[in-house]
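Novice: task: produce atomic coordinates for the following.
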Amino acid sequence: MQREDRSGKSFLTSLGRGLVYALFLSLLAIRGPFKLILRLASGIGALTGLLLLIGSEGMTGLAIGALGVAFAAFVVGWFYDQLLLRLSPQPLALINP
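Specialist: Numbering: from 1, shown residues only. Next up, the predicted model:
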């Protein structure tokens with residue numbers, strides 16, 4: 001009876017590891033396009049925010065919002081990479097695409 005419990009636990013452990021690995025591979029597969037979109041949002045937001053701060057006096061709120069979008073895109077990309085590093089079954093070095 002105790003032997004069946006062990007095989008059940010090992011099966012569930014293997015199934016869990018397999019699901020985590022499948023999640024890792026799918027997230028790794030879409031990392032390139034996802035990071036490209038985030039970089040575009042960050043770059044456009046930063047450029048827009050800086051141009052609004054320099055060129056327009058009445059657009060300070062909009063400039064701060066654009067800079068906030070740029071920073072938020074950067075933070076989301078960083079957390080995405082951290083998630084991939086945590087889910088990785090082996091030590092991993094992420095290279096920017």
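
Novice: give the contact list for Thr48.
Specialist: Residues counted as contacts of Thr48 (Cβ atoms under 8 Å, 6 or more residues apart in numbering) are Ala63, Ala66. Where C-beta positions appear, they are placed from N, C-alpha and C, glycine not excepted.

Novice: quick check: which element contains it?
Specialist: With secondary structure defined by DSSP states H and E, Thr48 is part of helix 31-55.

Novice: and the pLDDT at the residue positioned nearest the centre of the chain?
Specialist: By Cα atoms, centre = their mean, the mean C-alpha position of the chain lies nearest to Tyr80, the distance being 1.6 Å. If you check Tyr80, the pLDDT there is 96.

Novice: now do the SS call for it.
Specialist: Following DSSP: H, G, I helix; E, B strand; the rest coil, Tyr80 is assigned to helix.

Novice: go on, Leu92?
Specialist: Three-state call for Leu92 (three-state DSSP): coil.

Novice: and it, how far is that from Asp81?
Specialist: 10 Å (Cβ to Cβ, to the nearest Å).

Novice: where does the protein dip in pLDDT?
Specialist: 1-8, 97 (pLDDT under 70).

Novice: list the contacts of the residue nearest to the centre of the chain.
Specialist: Tyr80 sits next to Leu27, Arg31, Phe34, Lys35, Leu38 when contact means Cβ under 8 Å, 6+ apart.

Novice: in the helix or strand hosting Leu83, which residues are buried?
Specialist: For Leu83, the element it lies in under DSSP H and E is helix 60-87. Buried residues in helix 60-87, counting neighbours by 16 or more other Cβ atoms under 10 Å, are found at Ala63, Ala66, Leu67, Val69, Ala70, Ala73, Phe74, Val76, Gly77, Tyr80, Leu84.

Novice: enumerate every residue touching the closest residue in space to the fourth one that isn't next to it in sequence.
Specialist: Spatial nearest neighbour of Val69, excluding adjacent residues (Cβ to Cβ, 6 or more residues apart in numbering): Gly45 at 3.9 Å. The neighbourhood of Gly45, defined by Cβ under 8 Å, 6+ apart, consists of Ala66, Leu67, Gly68, Val69, Ala70, Phe71, Ala73.
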